[in-house]
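>>> no sequence on hand, only this structure:
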């Protein structure tokens, strides 16, 4: 897979029918996320059943780690899989003006090289009913797209945040599928 460094999308409040307000020295978070694929061509989808949320593996970059290390760590925690990064799709940004927050995620494609079958879920993820699914790319896109209208809040996250997550991952997966079909 070729290395791409373009911006896949910038998500803003207007994408959700909301009016943006001016940012005032916003908090910025860097993330690493993407497509994790097995030899059978199935991809990892992380489901938080109590919220009816389906998302791609990934999360924030911790202090002292680079973006690639963060992606590998997040994938290990959420899927139990060691991966080899085989592609870099670019970045996707979330501009949440109502929270004075911007997230810039680097998006990768990782191939499973070892499945430990051992997830390392946080208490938050356990409380939200987190589980791992392996599905086709098309099924993953359907699950992510269909859950948008039926999302539920959790004690950890409101719908504002969850909707950004779902749209972000929908755009990532659509982008990947379009690249694969070229």
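In hand now; what should we look at? Because the structure is predicted, anything quoted here is derived from the model rather than measured.
>>> residue nearest the centroid of this structure?
Nearest to the mean C-alpha position of the chain, by Cα atoms, centre = their mean, lies residue 56 at 4.0 Å.
>>> wait, what's in contact with it?
Taking Cβ atoms under 8 Å, 6 or more residues apart in numbering, we find residue 56 in contact with 33-36, 44-46, 140, 144, 169, 172-173. In short, each C-beta sits where N, CA and C put it, glycine included.
>>> report the next helix or strand after the helix or strand of the chain with the lowest mean pLDDT in sequence order.
Across the helices and strands of the chain, mean pLDDT, DSSP states H and E gives its lowest value to strand 3-12, namely a mean of 83. Reading on from strand 3-12 to the C-terminus, the next helix or strand found by DSSP states H and E is strand 27-37.
>>> which other helices and strands does that following strand contact?
strand 43-48, strand 58-60, helix 67-79, strand 81-96, strand 101-115, helix 159-180 (3 or more Cβ pairs under 8 Å, 6 or more residues apart in numbering; DSSP states H and E).
>>> so, low pLDDT: which residues of this protein?
Applying pLDDT under 70 to the chain flags residues 1-5.
>>> please verify my assumption that residue 30 contacts residue 93.
No: look at residue 30 against residue 93 with Cβ atoms under 8 Å: they stay out of range, at 10.5 Å.
>>> find residues that contact each of those two.
Common contacts of residue 30 and residue 93 (Cβ under 8 Å, 6+ apart): 103-105.
>>> what's opposite the residue lying closest to residue 89 once chain neighbours are set aside in the beta bridge?
Using Cβ to Cβ, 6 or more residues apart in numbering and skipping the chain neighbours, the partner closest in space to residue 89 is residue 107 (4.2 Å). Beta-bridge partners for residue 107, by DSSP bridges, are residue 33, residue 90.
>>> next up, the contacts around residue 107.
Residue 107 makes contact with 8, 33-34, 88-92, 172, 175 under the criterion Cβ under 8 Å, 6+ apart.
>>> so what's residue 28 up against?
101-104.
>>> now do residue 147
Residue 147 neighbours (Cβ under 8 Å, 6+ apart): 52-54, 166.
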